[in-house]
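Visitor: From the sequence below, what's the structure:
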Amino acid sequence: MNRTVPRLRAIADSSGLSATTATELEEAFRLLWRVRLEHQAERLEDGLPADDHVDPRKLGPLTRVAHKESFRAIARAQRALSNELGLRPR
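Guide: Residues are numbered from 1 along each chain as shown. Next up, the predicted model:
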């Protein structure tokens, strides 16, 4: 995996991010990374090029719920950071 998880932990350790938010983002990252890799592996097995377009309708019901919640956690963290830094979200 890449350096995203250690970066999230480091910012949480420096009090730049709450431990809860850091944990939510780490879990979201791990889930989305796994879903993406599984999608790419399936495409390669089918003789298609790997891509990053995962159709949520093709996910199982539990994964789909977790997928939605991952994006909600990301949105919450973005809103919190935007408010804290006085930035307008895009």
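Visitor: mind listing what the residue nearest to Ser70 when sequence neighbours are not counted touches?
Guide: The spatial neighbour of Ser70 that comes closest, neighbours along the chain excluded (Cβ to Cβ, 6 or more residues apart in numbering), is Ala28 at 3.6 Å. Heads up, the C-betas are built off the backbone N, CA and C, glycines and all. Listed by Cβ atoms under 8 Å, 6 or more residues apart in numbering, the contact set of Ala28 reads 69-71, 73-74.
Visitor: Pull out the buried residues from those residues.
Guide: 70, 73 (16 or more other Cβ atoms under 10 Å).
Visitor: got the contacts of Ala28 as CSV, with distance to Ala22 and pLDDT columns?
Guide: Shown next, in CSV, are the contacts of Ala28 (distance: Cβ to Cβ, whole Å; pLDDT from 0 to 100):
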residue, distance to Ala22, pLDDT
Glu69, 16, 96
Ser70, 14, 96
Phe71, 17, 96
Ala73, 11, 96
Ile74, 12, 94
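Visitor: For the contacts of Ala28, name the two members farthest from one another.
Guide: The span of the contacts of Ala28, defined through Cβ to Cβ, is set by Glu69 and Ile74 at 9.8 Å.
Visitor: C-terminal to the helix ranked longest in the chain, which secondary structure element comes first?
Guide: In the chain, ranked by residue count with DSSP state H as the criterion, the top helix is helix 19-45. As assigned by DSSP states H and E, the chain's next helix or strand after helix 19-45 is helix 61-85.
Visitor: Give me the angle between that next one and helix 19-45.
Guide: Per axes from the mean of the first three to the mean of the last three Cα atoms, to 10 degrees, the angle that helix 61-85 makes with helix 19-45 is 130 degrees.
Visitor: Show me what helix 61-85 is packed against.
Guide: With contacts taken as 3 or more Cβ pairs under 8 Å, 6 or more residues apart in numbering; DSSP states H and E, helix 61-85 sits against helix 19-45.
Visitor: Now do Leu87 against Arg43, distance only.
Guide: Distance from Leu87 to Arg43, counting by Cβ to Cβ, to the nearest Å: 37 Å.
Visitor: Settle it for me: which of the two has more neighbours?
Guide: Remark: of Leu87 and Arg43, Arg43 carries more neighbours, 14 against 10, as counted by other Cβ atoms under 10 Å.
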